[in-house]
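In: Show me how the following folds:
(2 chains)
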Amino acid sequence: MRNSSTLAANTSYMPSLPVKKRRIHWSWNKTWAIVTLIPSLIAVGIFVYGFLGWTGYVSVTNWNSFIPNSSFAGLANYKAIFGDFRFQSDLRNLLFLTIFFILLCMAIGLFLAVLIDSKIKAESLFRNIFLFPMALSFIVTGVVWQWLLNPQTGVNLIFKALGAKHLPLWYTSSKVVPSFHLGQIQFGLPVALLAVIIAAVWQLSGFAMALYLSGLRAVPDEIKEAARVDGANEWRTFWRVTFPQLRPITVTVVVILIQMSLKTFDLVYAMTGPGNGYVTDQPSLDMFTTTFQADKYAQGAAIAIIMFLLMMVFVIPYLVQSLRKEDA
Amino acid sequence: MESGFGPGPHESLEIHTIKGALKLKPYKALLTGAAVVASMGMVVGCGSSNSTSSNKTSGGSGSHQVQIFSWWTAGGEAAGLQAVMKTYSQKYPNEKITNEAVAGGGGSNAKSVLANRMQAGNPPDTFQVHAGAELMAWVNAGDMQPLNSLYQSQGWNKVFPKEIIDSLSKNGNIYAVPVDVGRGNVLWYNPQVLKRYNLTPPKTMSQFMSELKTLQSKGVTPLEYGDKDQLGSVMLWENVLLATLGPQKYDQVWQGKIPFTNAQVKQATQTFVNLLQYTNSNHSAVTWDEADQQVADGSAAFNLMGDWAKAYFLSKNIKEGTGFGWTDFPGTNSDFEYVIDSFGLPKGAPNPTGATDFLKLIGSKQGQDEFNPLKGSIPPRTDADMSKYDEYSQQAMTDFKSDSLVPSLANGEAANPGFETAATQAVEVLISNHNVSQFINSMQSAAQQNPLS
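Out: Next comes the predicted model:
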């Protein structure tokens, strides 16, 4: 939106046009821009910012039953959720899910992209194969991986046939490693979460691959040639010449995957539910239960606002950075 | 209902972006766009996806339409509802009855859709609701109309048990008509497994414990439960509570007259923790019906579940006596933990006459005997025709008349939804850390935040 209006404004400084004509041209352009923007501005204003404001308002009220109650509660709802075992577990799970999910997606995505970029046969076939999981709904991914990682059936049958004694419990494990007491919960990586991470990485590393591939294609061959002429081997060329050029792609991958990880709902809902002692629970699941099963609308809204703020921590610096670059 | 980032509009945009990025150098602007759109999608998804998904019905053909709202969408319960609706159409040809059932186990989805409709001032003509605290949430919100005169004219005060009418009443006003009764304190077992190890269905907790120990030494899962849906765990705890306290004190807990710090409540919780060593470790990945399947398969011996499990067994062609057996949960022999579906009349119902006619039908002997054999439940009316029911149901109907009737926490009868959710969480934490005193504290603070009346 902002792009097109600055574009429209820029045309007004074109010096070659005569004064009168320029003015008409300018205002027509601007009017047209505004007219085309109005519907989306209204929709975004109501459905994004309006509801965001409403959620924020509900989160500071006492509306914690069927009966709407708009009396001011201050930060009581936030205090309640941060003191809550389940929400503390959610934050722990979210932290580990996000870290592992993003690092693994990036590593696998970059690796696949490099392989595909090395001028292999049937390149587009492989590109599509790795990208296909992304076309699935997370519900489907969740159900399939729930079967695959079911301790009684699934891949454990293969391990069993191979003679393994201690079969992994996958998402039914209640272990947290390393486990130390923090607030009400045991802090550490919940083992059960690894199953969710595997499914999420399976689905989205192809997406990271596609982005990295586009980045690799954008690195001019001349630079790589120059490095080789200077005597750098392939490994050194990649890490010293190509990889630094992929920085903007890496930032993009991280921002897109972080917002996916922060709002994870369907994958966990379909695959594990809240888990054994809330080891795979996520804030979005908690928000849903708190709002629609416990009828605690204000507390649910508080959880939604915390999710929103977490998201903004990552998205705003990214937007500021890209806007600044465009202006420059 | 849309989920956060399924195949929504922003996903296709992202794919488009990839295509663009593969060819174009200035990919950045497009990606920025994708990120912005995706993050907006999240905000809307969090805030409003539910409120937009519900209002598909309203208005319609005016006052002759009767909207029946329930979560009976599959199996015997859907067939039962169909049968009653058919009878209704024959009896009241002028009314156009519409089925507005919303799928989802235990009504989890239906309840949020209903809440949205009620808040939007667009209630259905009548809706399914669990008796007890769940109904009272609506009554306390001032959304329900009292049905005392209907009870008078139909003579229902005599045919429904007093405990059941009490669970539907507040300050002398009755707010709903009970339709079916499920029983929550039933221990299901595999008869062949018990026979193999010379065990008999347990009558007391100590007998139960020693049988579980025997079964564990034989390599069978002694007590299977599933709490992926968080039902199996809470029902097991409340049954141990009922067995330890007895029906009167159990009731007083839910009336807020006995605190959770009570020594017997602690003792019951400790017994529950002791039972856990005999249970399956993968419970968090199992739903209640999968747990029952394990019992039917013989890989587990016992499972505690409501008698909707019977409908599950029968639907899988598993026969009573050879494939499955049942007994009261040990220590609850003369108790009947009821789970009751009822229908009420919301204020602002577009067609109250049509709705009242429907309530008359489902409260009648004919309506109840038509619906319940199909659903596999028993009728709350004590004068029902027993010959229409199977062997299990006949026994349950006899018990229903003579046993102490007590409410279920896990199924919404005993406490308000806020307390129920907090208690569920406390039980889940107890299962993972076995810390009884922490559990008691959690329950006590849950009761302070969501007062039990």
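
In: got the end-to-end distance for stretch A:70-79?
Out: This stretch, stretch A:70-79, spans 18 Å end to end (Cα to Cα, to the nearest Å).

In: Any part of it near chain B?
Out: No. Against chain B, stretch A:70-79 shows no contacts by Cβ under 8 Å from any Cβ of the partner chain, the least distance being 10.7 Å. Glycine gets a C-beta too; all of them are placed from N, C-alpha and C.

In: And that stretch, what's buried?
Out: A:A73, A:A76, A:N77, A:Y78 (16 or more other Cβ atoms under 10 Å in any protein chain shown).

In: helix/strand/coil for the residue in chain B positioned nearest to chain A?
Out: Among the residues of chain B, B:S432 lies closest to chain A, at 2.7 Å counting by Cβ to the nearest Cβ. Three-state call for B:S432 (DSSP: H, G, I helix; E, B strand; the rest coil): helix.

In: And A:H181, by the same measure?
Out: Per three-state DSSP, A:H181 ends up strand.

In: Contact partners for it?
Out: A:F187 (Cβ atoms under 8 Å, 6 or more residues apart in numbering or on different chains).

In: B:L187 falls within a strand, correct?
Out: Yes. Counting by three-state DSSP, B:L187 is part of a strand.

In: Which residues does it form beta bridges with?
Out: Applying DSSP bridges to B:L187 yields these beta-bridge partners: B:L304, B:T327.

In: neighbours around whichever residue of the stretch 151-300 of chain A sits closest to chain B, how many?
Out: Here the stretch 151-300 of chain A gets closest to chain B at one residue, A:G277, 2.7 Å apart by Cβ to the nearest Cβ. Burial measure for A:G277: 25 neighbouring residues, criterion other Cβ atoms under 10 Å in any protein chain shown.

In: Report the contact partners of the closest residue to it other than its chain neighbours.
Out: The shortest distance from A:G277 to any non-neighbouring residue, by Cβ to Cβ, 6 or more residues apart in numbering or on different chains, is to B:S432 (2.7 Å). B:S432 makes contacts with A:S174, A:N276, A:G277, A:Y278, A:V279, as judged by Cβ under 8 Å, 6+ apart.

In: Need the pLDDT of B:S432.
Out: We note a pLDDT of 88 for B:S432 in this prediction.

In: Kindly reformat the contacts of B:S432 as a markdown table containing pLDDT, secondary structure and distance to B:S342.
Out: Below are the contacts of B:S432 laid out as a markdown table (pLDDT from 0 to 100; DSSP: H, G, I helix; E, B strand; the rest coil; distance: Cβ to Cβ, whole Å):
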| residue | pLDDT | secondary structure | distance to B:S342 |
| --- | --- | --- | --- |
| A:S174 | 84 | coil | 38 |
| A:N276 | 86 | coil | 34 |
| A:G277 | 87 | coil | 34 |
| A:Y278 | 91 | coil | 33 |
| A:V279 | 92 | coil | 37 |
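
In: hmm, which two among the residues you listed are most spread apart?
Out: For these, the farthest-apart pair by Cβ to Cβ is A:S174 and A:Y278; their separation is 9.6 Å.

In: quick one: the residue lying closest to A:P68 once chain neighbours are set aside from B:V139, how far?
Out: Nearest residue to A:P68, sequence neighbours excluded (Cβ to Cβ, 6+ apart): B:Q119, at 7.2 Å. Using Cβ to Cβ, to the nearest Å, one obtains 16 Å as the distance from B:Q119 to B:V139.

In: Tell me how far stretch A:50-65 lies from the chain's centre.
Out: 25 Å (Cα atoms, centre = their mean, to the nearest Å).

In: My error: substitute stretch B:164-180 in the last question.
Out: Between the centre of stretch B:164-180 and the centre of its host chain there is 18 Å, according to Cα atoms, centre = their mean.

In: Distance across that stretch, terminal residue to terminal residue?
Out: Start-to-end, stretch B:164-180 (Cα to Cα) is 11 Å.

In: What residues of that stretch count as buried?
Out: Quick answer for stretch B:164-180 (16+ other Cβ under 10 Å): B:I164, B:I165, B:S167, B:L168, B:S169, B:I174, B:Y175, B:A176, B:V177, B:P178, B:V179, B:D180.

In: which non-adjacent residue is nearest the last one?
Out: So that's B:D180. Using Cβ to Cβ, 6+ apart, the nearest residue to B:D180 is B:S377, at 3.9 Å.

In: how about A:T264, phi and psi?
Out: Dihedral pair for A:T264: phi -50, psi 120, per degrees, to the nearest 10.

In: give the contact list for it.
Out: By Cβ under 8 Å, 6+ apart, the neighbours of A:T264 are A:L97, A:A200, A:Q282, A:S284, B:G4.

In: Most neighbours among those residues, which one is it?
Out: Busiest of the contacts of A:T264 [other Cβ under 10 Å] is A:Q282, holding 29 neighbours.

In: per-residue confidence for that residue?
Out: Looking at A:Q282, its pLDDT stands at 96.

In: where does chain A have low pLDDT?
Out: Chain A contains residues with pLDDT under 70 at A:1-26, A:328.

In: those strands in it, which residues are they?
Out: Here chain A has its strands, by DSSP state E, at A:176-182, A:185-190.

In: Let's verify B:I68: helix, strand, or coil?
Out: Quick answer, by three-state DSSP: B:I68 is strand.

In: what bridges to it?
Out: Going by DSSP bridges, B:I68 forms beta bridges with B:N99, B:T126.

In: Quick one: neighbours of it, just the number.
Out: Neighbours around B:I68, by other Cβ under 10 Å: 24.

In: From what I see, it and B:E95 are in contact.
Out: No. With contact defined as Cβ atoms under 8 Å, B:I68 does not count as touching B:E95 (11.0 Å).

In: got a list of what B:L194 touches?
Out: B:T200, B:P201, B:A301, B:G325.

In: quick revisit: of B:Q119 and B:V139, who's got more company?
Out: Between B:Q119 and B:V139, counting by other Cβ under 10 Å, B:V139 is the more crowded of the two (21 against 15).

In: so where does the more buried one fall, helix or strand?
Out: helix B:133-140 (DSSP states H and E).

In: List the contacts of that helix.
Out: A:65-67, A:295, B:118, B:129, B:144, B:167-168, B:170, B:175-176, B:342, B:344, B:346, B:407, B:412-417, B:419-420, B:453.

In: The helix or strand following it packs against which elements?
Out: Next along the chain after helix B:133-140, taking DSSP H and E as the criterion, comes helix B:148-154. Contacts defined by 3 or more Cβ pairs under 8 Å, 6 or more residues apart in numbering or on different chains; DSSP states H and E place helix B:148-154 against strand B:173-174, helix B:352-363.

In: Tell me the pLDDT of B:A21.
Out: Looking at B:A21, its pLDDT reads 37.

In: Report the contact partners of A:F288.
Out: Per Cβ under 8 Å, 6+ apart, neighbours of A:F288: A:F265, A:G300.

In: The residue nearest to B:D180: what's it in contact with?
Out: B:D180, B:V181, B:G182, B:D307, B:W308, B:S393.

In: ok, these vs B:P191, which is closest?
Out: Looking across those and measuring by Cβ to Cβ, the closest to B:P191 is B:D307, at 17.0 Å.
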